[in-house]
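>>> Following is a predicted model, sequence given first.
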Amino acid sequence: MSIKERLHNIIATLPQGVQLVAVSKFHPAERLQEAYDAGQRIFGESRPQEMTAKYEALPKDIEWHMIGHLQTNKVKMIAPYVTMISSVDSERLIEEIEKQASKNNRTIDILLEVHVAREETKSGWSAEELRTYLASGILNTMTHVRVRGLMTIASNTDDEDVVRRDFATIRHIYDELKQQFGTSFDTLSIGMSDDYPIALDYGTTMVRIGTAIFGAREY
């Protein structure tokens, strides 16, 4: 099955209003071009150097989403063009995004990554850490960062009950914070190739799908 066929099959399963981020990390630009030619415009990458090379090689109406852990010293590399940084997991990273967005006279959309999975290796704020940070008011002083919502990665397990617990937890936190942020807080990024049908039950507005579109990673 071609990339175009797989892409269109996935899109057919998504309700109206759910955005698809095609996770293109580790795949060559030629495969992204295939997805682009099939109508896809949002691509997710996890390494700034790789994303920048693809940004330079591919059409400029693509929306680039940074979905992997981002080191503060790499923010300046993507600040001129990145559409959204979905993996914001610390106060220090928010401050650096604000700094680099200001230098580029841009406002960068971000998602706050919350850790709800059982694996300790996954990154992200705990719910309490995030509440404490938001209560400090520091974020309100930043004019070049716009918080659009939350992102999480569910536990890596075949136990559907555990995955549902993770998604229910992040949905509860999202609903709580939406009352604080208002209408601009409109993105809940949950669900990947294996678990996005479950994420749809919890109101995801953005799914991140790679393998089901592009196949296994090439390197």
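Received it, and whenever you're ready, just let me know what you need.
>>> how deep is residue 7 tucked in, by neighbour count?
22 (other CB atoms under 10 Å). Backbone N, C-alpha and C define where each C-beta goes, glycine included.
>>> Can you verify it is assigned to a helix?
Yes - secondary structure of residue 7 (DSSP: H, G, I helix; E, B strand; the rest coil): part of a helix.
>>> For it, give its distance to residue 43.
Residue 7 sits 12 Å away from residue 43, going by CB to CB, to the nearest Å.
>>> list residues touching both of those two?
22, 35 (CB atoms under 8 Å, 6 or more residues apart in numbering).
>>> Could you give the bridge partners of residue 189?
Using DSSP bridges, the beta-bridge partners of residue 189 come out as residue 151, residue 206.
>>> What is the neighbour count of it?
Residue 189: 29 neighbours (other CB under 10 Å).
>>> is it true that it touches residue 149?
Yes - the pair residue 189 and residue 149 passes the contact test of CB atoms under 8 Å, sitting 6.8 Å apart.
>>> between those two, what contacts are shared?
111, 205.
>>> starting at the chain centroid, how far to stretch 144-152?
9 Å (CA atoms, centre = their mean, to the nearest Å).
>>> can you pull the buried residues of that stretch?
The neighbour-count check on stretch 144-152 (16 or more other CB atoms under 10 Å) flags 144-145, 147-152 as buried.
>>> One more: stretch 59-74?
For stretch 59-74, a neighbour-count test (16+ other CB under 10 Å) marks 62-68, 70, 74 as buried.
>>> Just name the closest of those residues to residue 108, please.
residue 66 (9.7 Å; CB to CB).
>>> Can you tell me the strand partners of the host helix or strand of residue 20 and which way each runs?
For residue 20, the element it lies in under DSSP states H and E is strand 19-23. Partners of strand 19-23 in the sheet, by DSSP bridges, are strand 42-45 (parallel), strand 206-209 (parallel).
>>> Compare those strands and give me the one nearest residue 30.
For these, the distance to residue 30 is smallest for strand 42-45, at 13.3 Å, taking CB to CB.
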